[in-house]
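Novice: Here is my input; please provide its structure:
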Amino acid sequence: MANMSYCRWQNTSLDLRDCASTLEESDEDLSKDEQLERMQVFTTIADMLDALGIDVDINEISAALAERK
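Specialist: Below you'll find the predicted structure:
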């Protein structure tokens, strides 16, 4: 279900904090689908930052995730 516009940022912020707390977990703890969705979240965040004029190299994020395996 989509977030209601009045609480979109609040709900997303809480969900992102929950995701951030799991960054130290091994890829082995995530299904392939979850690994793909995690990358999609990073890509979306990079796109958002780019829209604000902040450069983020998504290739660096991919490389950092690959090094953790």
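
Novice: Enumerate every residue touching the residue lying closest to residue 45 once chain neighbours are set aside.
Specialist: Using C-beta to C-beta, 6 or more residues apart in numbering and skipping the chain neighbours, the partner closest in space to residue 45 is residue 56 (7.6 Å). Bear in mind the C-beta positions are built from the backbone N, C-alpha and C, glycine included. Taking C-beta atoms under 8 Å, 6 or more residues apart in numbering, we find residue 56 in contact with 45-46, 49-50.

Novice: okay, residue 56: pLDDT?
Specialist: Per-residue confidence at residue 56 stands at 94 (pLDDT).

Novice: Flag every buried residue along the top helix by length along the chain.
Specialist: Assignment by DSSP state H gives helix 32-51 as the longest helix of the chain. By 16 or more other C-beta atoms under 10 Å, the buried positions in helix 32-51 come out as 38, 42, 46.

Novice: Distance of residue 8 relative to residue 15?
Specialist: Distance, residue 8 to residue 15, by C-beta to C-beta, to the nearest Å: 11 Å.

Novice: hang on, I meant residue 27
Specialist: Taking C-beta to C-beta, one finds residue 27 at 20 Å from residue 15.

Novice: quick one on the thing from earlier: got JSON lines for the buried residues of helix 32-51, with distance to residue 32 too?
Specialist: As requested, those are exported to JSON lines (distance: C-beta to C-beta, whole Å):
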{"residue": "38", "distance to residue 32": "11"}
{"residue": "42", "distance to residue 32": "16"}
{"residue": "46", "distance to residue 32": "21"}
